[in-house]
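# take a look and give me a structure for this.
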Amino acid sequence: MIQNSIYFLVLLVGLSSCKTEKVALQEGTVLLNYQKPLTIDESTKTVATFTEVADSRCPENVNCIWSGSVTVDLLLDIQSQKSQKAVQLCLYCMAGKDGTKIPPSSDVNLGGEKYKIELQSVTPSPNTEVQKKKEDYVISIKINKV
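Numbering: from 1, shown residues only. Below is the predicted model of the structure:
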């Protein structure tokens, strides 16, 4: 009798763990390698790809009068909606002659929900002694629901 009750409890616990729930976009910090797609939302099958980098930051081993900036392009491929969104983010950008400035963050709509994607860091830093290839770059983005 007790053995049957234990089997029933084990079966009940096992079945309750099988239920499926809609998985929302994982909020927090995500690391993206250059040209290496990463799924950031299983429910909408959203894939983020870090597609381009323009780095004009002052090299580590140089004294500069301006710190420079770094701009990255992201491509968000929302496969469930068969749509793509291009996002450009910049750290340390100043307004250009026309007054426009590329921001470090952008609001995007993914699967009917609004998220803020913020560029946190871009590594490695420039260095005059070591030539960096685009494939060496890794960006850190923070994703938060708005």
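
# and Thr123, how many residues sit next to it?
For Thr123, the count of nearby residues is 12 (other Cβ atoms under 10 Å). Where C-beta positions appear, they are placed from N, C-alpha and C, glycine not excepted.

# typo on my end, Val138
Burial measure for Val138: 14 neighbouring residues, criterion other Cβ under 10 Å.

# what do you get for the one 4 residues further on?
A count of neighbours around Lys142, defined by other Cβ under 10 Å, yields 15.

# not including adjacent chain positions, what is the nearest residue to it?
Glu118 (4.6 Å; Cβ to Cβ, 6 or more residues apart in numbering).

# within the helices and strands, which one has that neighbour?
Element membership for Glu118 (DSSP states H and E) is strand 113-123.

# what does that strand contact?
By Cβ atoms under 8 Å, 6 or more residues apart in numbering, the residues outside strand 113-123 that reach it are 24-25, 27, 29, 53, 55, 70, 72, 74, 87, 89-91, 104-109, 137-146.
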